[in-house]
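In: Structure here, sequence nowhere to be found:
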């Protein structure tokens with residue numbers, strides 16, 4: 001780039017640009033009138049030539065209205081045939097427009113204030129550049145010094161040094177470059193070489209292995225860097241006042257000195273921001289503890305409010321499914337002839353993910369409250385157990401989660417006191433929780449001194465022993481003990497039965513010596529006819545009928561299963577029928593007064609982990625298998641295959657429960673999910689106890705007894 005003529009002067013110059021405006025800032029206005037009789041002065045053409053004689057005259061940057069006579073009647077007309085105005089024309093035009101005293105002011109536009117001034121009027125660097133070899137000539141000086149139009153004015157042009165901000169070598173060459181043909185030849189030769197290489201025997205691929213550079217580990221030890229925590233407390237009003245003070249010019253921090261900044265903060269006039277002793281004391285360790293306590297108190301009040309908000313949002317999400325759960329919107333095309341099993345949702349959350357659902361129980365008072373126990377049935381897995389309480393108010397998150405020191409194996413709600421939950425653990429502990437207090441610690445817990453089981457507690461059940469004894473808790477464990485627990489004076493225990501091993505009837509084999517004479521108990525259930533009679537299942541596959549009054553011998557033994565009995569459940573409508581589920585892939589229906597099974601239900605080759613009677617239909621029961629199948633059987637329809645089968649996937653199904661107030665069945669699985677199913681066309685409409693008992697006996701007589709005969 002080059003510098004032409006003299007320097008450009010800013011706004012404070014004696015002349016002002018922006019054609020059409022007369023009398024700018026610091027400018028004295030002088031108007032010159034041209035008489036009509038006078039002839040314009042002879043035009044002097046100004047040209048700029050270089051050393052070789054080439055014309056380098058710049059083109060005019062002035063607007064076309066500069067020469068129009070309509071706006072300025074006194075302005076001379078443009079010279080025809082010459083695009084470059086002369087100095088006299090520029091001077092006369094400036095005078096006609098009322099600008100200055102004849103100095104040349106090019107009209108570059110309204111946004112530029114540049115001008116050309118004589119060196120005597122320049123200051124600073126502009127005068128230095130003018131005296132360093134660049135000649136600056138005004139129109140008046142030109143007319144005074146050059147009377148002849150043939151005189152030439154020499155203007156020195158100097159070129160500044162060229163510098164590059166960024167230089168990136170290109171990867172391509174222009175076709176008009178001198179070496180373009182050479183580059184094309186090299187490119188074609190390379191392409192031809194690549195083409196000949198394919199399939200040629202002269203080329204082969206070889207691999208080579210390089211030696212890794214030898215590295216050396218170096219360690220440097222240094223002292224720990226000292227750190228200091230500094231904090232200050234400020235309110236919104238203090239921040240606002242400090243900004244207001246900054247706007248008024250009261251705050252101007254020019255130094256990074258922390259002491260000077262602190263002194264400014266101590267000043268009471270600092271925009272209303274004053275660090276008093278109370279604010280300074282808030283950052284101390286003692287006051288931090290009190291502040292944290294206040295925050296915790298506020299958070300305690302916030303938690304129930306957030307729970308209510310979460311319940312409201314959850315009801316909007318699950319609205320239609322909750323109506324289906326309550327049987328408010330029954331399905332239109334579904335009747336007794338087309339039973340269905342509809343999946344509504346899953347009780348799941350990140351806290352219980354990958355846990356095994358070991359047991360479930362509905363509350364007898366608040367029948368929408370479901371307690372779920374999570375625990376592993378493996379000695380090698382030492383994962384702690386969990387208790388989660390799910391409700392229809394928020395199906396997406398549990399109302400309360402309690403962590404146990406061992407896996408949960410069995411739970412049951414009290415019928416007399418709905419707030420008491422009995423929990424059996426894998427380590428043999430029996431604990432009682434008061435869910436009304438929302439405490440995560442048990443109110444009562446068994447120890448080795450108070451009769452704790454030495455093996456996992458596989459089942460718990462609250463039993464009403466009559467008006468004299470009231471309600472008691474009964475547990476069974478693989479240590480062979482069936483124990484009754486009383487909570488009147490702490491947690492006191494009484495062993496109802498110690499199970500003993502025995503040989504099967506009719507085998508004809510001599511009894512062999514057992515390693516242990518104690519039999520392992522797995523499940524039990526009390527008779528609906530007599531609360532002192534119960535059935536107990538063992539790992540040997542035998543079922544024993546026991547009495548609370550006799551602790552030394554069995555009343556009756558039932559043989560038929562070839563594997564451990566996982567569940568026994570008596571019919572809620574008949575006092576003599578009960579079901580058993582076993583590891584031998586079968587479900588058996590028994591009569592209390594017969595030592596052999598009435599009928600065997602089998603569909604598939606999977607273990608039957610749980611079985612339950614439907615509380616609203618006396619002939620219907622459900623079962624879950626280790627293969628992920630949900631089976632619903634109806635004795636009045638068929639005893640050969642279930643009326644409904646649903647496959648949940650690859651996860652093993654571990655337990656199931658029927659809701660007491662709705663045609664709902666919940667199924668637990670080994671992946672921590674509890675699936676909620678709606679029974680359609682099979683659950684029945686309930687009815688009185690006598691009608692349900694009659695229906696069950698008629699179905700047994702028609703299908704079971706008749707089929708066996």
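Out: Right, received. Where do you want to start? Note that the structure is a prediction, hence the values are computed from the model and not measured.
In: make it CA atoms for all contacts and neighbour counts henceforth
Out: Will do.
In: show me the contacts for residue 422.
Out: For residue 422, the contacting residues are 411-414, 430-433, 460, 473, by CA atoms under 8 Å, 6 or more residues apart in numbering.
In: Residue 562 now?
Out: Contacts of residue 562 (CA under 8 Å, 6+ apart): 540-541, 583-584.
In: Scan those and report the most crowded one.
Out: For the contacts of residue 562, the largest neighbour count, defined by other CA atoms under 10 Å, is 22 neighbours, found at residue 583.
In: Looks like that residue contacts residue 607 (just checking).
Out: Yes: Residue 583 lies in contact with residue 607 (CA atoms under 8 Å); the separation is 4.8 Å.
In: measure residue 412 to residue 345 for me?
Out: Distance of residue 412 to residue 345, given as CA to CA, to the nearest Å: 23 Å.
In: between those two, who's got more neighbours?
Out: Comparing residue 412 with residue 345 by other CA under 10 Å, the one with more neighbours is residue 412, at 24 against 18.
In: Identify each of the helices in the stretch 251-400 of the chain and give its residue range.
Out: Secondary structure of the stretch 251-400 of the chain by DSSP state H, counting those that start in this stretch: the helices cover 258-266, 277-281, 285-317, 319-325.
In: Lowest mean pLDDT across those, which one is that?
Out: Mean pLDDT is lowest for helix 277-281 out of these, coming in at a mean of 44.
In: Strands of the stretch 451-600 of the chain, start to end?
Out: 457-464, 471-477, 481-486, 492-498, 521-526, 533-538, 543-547, 556-558, 565-570, 577-582, 587-591, 599-601 (DSSP state E, counting those that start in this stretch).
In: Residues contacting the first one, please?
Out: Outside strand 457-464, the residues within contact range by CA under 8 Å, 6+ apart are 409-415, 422-430, 470-478, 522-526, 531.
In: Sheet-wise, list the partners of that strand with their directions.
Out: Applying DSSP bridges, strand 457-464 is found paired with strand 471-477 (antiparallel).
In: What mean pLDDT does the strand it pairs with get?
Out: For strand 471-477, the per-residue pLDDT averages 92.
In: Tell me which residues of it come out buried.
Out: Neighbour-count burial for strand 471-477, counted by 16 or more other CA atoms under 10 Å, picks out 471-477.
In: quick check: angle from that strand to strand 533-538?
Out: 20 degrees (axes from the mean of the first three to the mean of the last three CA atoms, to 10 degrees).
In: Show me what strand 471-477 is in contact with.
Out: 416, 422, 428, 453, 455-465, 482-487, 520-524.
In: which secondary element of the chain has the worst mean pLDDT?
Out: strand 2-3 (a mean of 38; mean pLDDT, DSSP states H and E).
In: show me what contacts the closest residue to residue 361 other than its chain neighbours?
Out: Excluding the flanking residues, the one nearest residue 361 by CA to CA, 6 or more residues apart in numbering is residue 371, at 5.3 Å. Going by CA under 8 Å, 6+ apart, residue 371 touches 360-363, 387-390, 411.
In: How about residue 610?
Out: 566-567, 581, 623-625, 654-656.
In: are any of these buried, and which?
Out: Judged by 16+ other CA under 10 Å, buried ones among these: 566-567, 581, 623-625, 654-656.
In: a markdown table for the residues you listed, including pLDDT and distance to residue 209?
Out: What follows is the buried ones among the contacts of residue 610, written out as a markdown table (pLDDT from 0 to 100; distance: CA to CA, whole Å):
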| residue | pLDDT | distance to residue 209 |
| --- | --- | --- |
| 566 | 93 | 64 |
| 567 | 93 | 67 |
| 581 | 93 | 66 |
| 623 | 94 | 64 |
| 624 | 94 | 61 |
| 625 | 92 | 58 |
| 654 | 92 | 57 |
| 655 | 93 | 61 |
| 656 | 93 | 63 |
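In: Could you dump these into a markdown table with distance to residue 295 added?
Out: Formatted as a markdown table, the buried ones among the contacts of residue 610 follow (distance: CA to CA, whole Å):
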| residue | distance to residue 295 |
| --- | --- |
| 566 | 50 |
| 567 | 50 |
| 581 | 54 |
| 623 | 50 |
| 624 | 48 |
| 625 | 50 |
| 654 | 43 |
| 655 | 43 |
| 656 | 43 |
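In: which one of the residues you listed is nearest residue 693?
Out: residue 623 (21.3 Å; CA to CA).
In: Please tell me how far that closest one sits from residue 609.
Out: 8 Å.
In: where do the contact lists of these two overlap?
Out: With CA under 8 Å, 6+ apart, residue 623 and residue 609 have no common neighbours.
In: what's the domain layout of the chain?
Out: Domains of the chain are assigned by automatic domain parsing as 1-161, 324-501+516-708.
In: follow-up on the earlier one: so what sits against both of residue 583 and residue 607?
Out: With CA under 8 Å, 6+ apart, residue 583 and residue 607 have no common neighbours.
In: that older thread, closest one of the contacts of residue 562 to residue 168?
Out: Checking the contacts of residue 562 one by one against residue 168 (CA to CA), the nearest turns out to be residue 583, at 78.7 Å.
In: So which of the contacts of residue 562 is the closest to residue 159?
Out: Distance to residue 159 across the contacts of residue 562 (CA to CA) is lowest for residue 583, with 101.5 Å.
In: Please name the strands paired to the strand or helix carrying residue 421 in the sheet, noting orientation.
Out: Taking DSSP states H and E as the criterion, the element that holds residue 421 is strand 420-425. The strands beside strand 420-425 in its sheet (DSSP bridges) come out as strand 408-413 (antiparallel), strand 430-434 (antiparallel).
In: still on that earlier bit, mind putting the strands of the stretch 451-600 of the chain in a markdown table, distance to residue 211 included?
Out: Formatted as a markdown table, the strands of the stretch 451-600 of the chain follow (distance: least, CA to CA, whole Å):
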| stretch | distance to residue 211 |
| --- | --- |
| strand 457-464 | 64 |
| strand 471-477 | 66 |
| strand 481-486 | 71 |
| strand 492-498 | 74 |
| strand 521-526 | 66 |
| strand 533-538 | 68 |
| strand 543-547 | 74 |
| strand 556-558 | 77 |
| strand 565-570 | 65 |
| strand 577-582 | 65 |
| strand 587-591 | 70 |
| strand 599-601 | 71 |
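In: Of all those strands, which one is nearest residue 614?
Out: Here strand 565-570 is closest among those (CA to CA), at 11.1 Å.
In: Would you mind pulling up the elements that that closest one packs against?
Out: strand 521-526, strand 533-538, strand 577-582, strand 608-613 (3 or more CA pairs under 8 Å, 6 or more residues apart in numbering; DSSP states H and E).
In: correct me, but residue 367 touches residue 659?
Out: Yes: in terms of CA under 8 Å, residue 367 counts as a neighbour of residue 659; the distance is 7.5 Å.
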